[in-house]
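> Below is the sequence, then the predicted model.
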Amino acid sequence: MTAKPAEISVDVEANIAAICARYGNRSDALIEILHDVQETGGHITRDAIVGIAAALNISRADVFGTLSFYDDFRTEPVAAGMVKLCRAEACQSVGADALAARCDANGIAHETVYCLGNCALGPAAMVDGRLIGRANEEKLASAVRHAKAEG
Ligand code: FES
C-alpha cells in the first residue's frame, strides 16, 4: 500500500480520489481530472496536486507541468467578477481587441481566452461562468457588478 501524503486533509483526499476513480485513475485523463477538480473547488490546490499525483501514480511535477501548460487552470482562487474575453479569430473580427482596450481603459479586469464556443455572437465574454454574447463594456461592467454583489 502506498503511504498517504501527510499534508492532505481527509476531505480533499476523498474528493480527489473520487474524481480520479471516475476516470479509472488513468494518467491519460489528467486534463479531464484537473478540469473536474477545478470545477469542484474553483481552483487546484497544492493538496489536490499531491492527491492527483498519488492517485494516478505519476509525479507531482507531471501534474504541475500539465496544469501550468494550460491557461485555464488556476492554482489560486479567482476574485468574483473575473471577465474572460475571447480574443480568437471570430471574435477578433468583430472587435474583441478594441473591447479589450476599452475594458482596460474602464478598469474592467479581464483575461484572454481563445474561443468560448459562442463565435456567432462575438465578441464573446464570460463572467463567473455566465456567457455574454455581443459583449460591450457596458454589458461587462454590469455583469461584473452583479457577480460581485452575489459573490
Ligand atoms: S472565437 Fe470567440 S467565442 Fe469562438
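Good, I have the coordinates.
> Mind giving me the packing neighbours of the lowest-mean-pLDDT helix or strand in the chain?
When each helix and strand of the chain is scored by mean pLDDT, DSSP states H and E, helix 10-22 comes last, with a mean of 85. Packing partners of helix 10-22 (3 or more C-beta pairs under 8 Å, 6 or more residues apart in numbering; DSSP states H and E): helix 30-41, helix 46-56. To be clear about C-beta, it is placed using only N, CA and C from the backbone, and glycine gets the same treatment.
> Quick one: closest of the ones you listed to the ligand.
helix 30-41 (18.3 Å; C-beta to the nearest ligand atom).
> And the ligand, is stretch 115-132 touching that?
Yes - using C-beta under 6 Å from any ligand atom, stretch 115-132 reaches the ligand at 115-119, 122, 124.
> Determine which two of the residues you listed are furthest apart.
With distances taken as C-beta to C-beta, the most widely separated pair in the residues of stretch 115-132 next to the ligand is G117 and G122, at 11.1 Å.
> tell me the contacts of A88?
Contacts for A88 (C-beta atoms under 8 Å, 6 or more residues apart in numbering) come out as 96, 113-115, 119.
> hmm, 10 Å instead?
By C-beta atoms under 10 Å, 6 or more residues apart in numbering, A88 lies in contact with 96, 112-116, 119, 122, 124.
> and the closest residue to C20 other than its chain neighbours, what pLDDT?
Leaving aside its sequence neighbours, C20 sits nearest to A55 (C-beta to C-beta, 6 or more residues apart in numbering; 3.7 Å). At A55, the pLDDT value in this model is 95.
> what about A55, neighbour count?
Other residues near A55 number 21, with proximity taken as other C-beta atoms under 10 Å.
> Am I right that it is in contact with A14?
No - A55 is beyond contact range of A14, at 11.1 Å (criterion: C-beta atoms under 10 Å).
> Show me which residues of this protein sit near the ligand.
So far as C-beta under 6 Å from any ligand atom goes, the chain lies against the ligand at 86, 88, 90-91, 115-119, 122, 124.
> For ChimeraX, write the selection for the buried entries among those.
Selection of buried members from these for ChimeraX, criterion 16 or more other C-beta atoms under 10 Å:
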select :86,88,90,91,116,118,119,122,124
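> Sitting in strands, which of the residues of the chain next to the ligand do you find?
C86 (DSSP state E).
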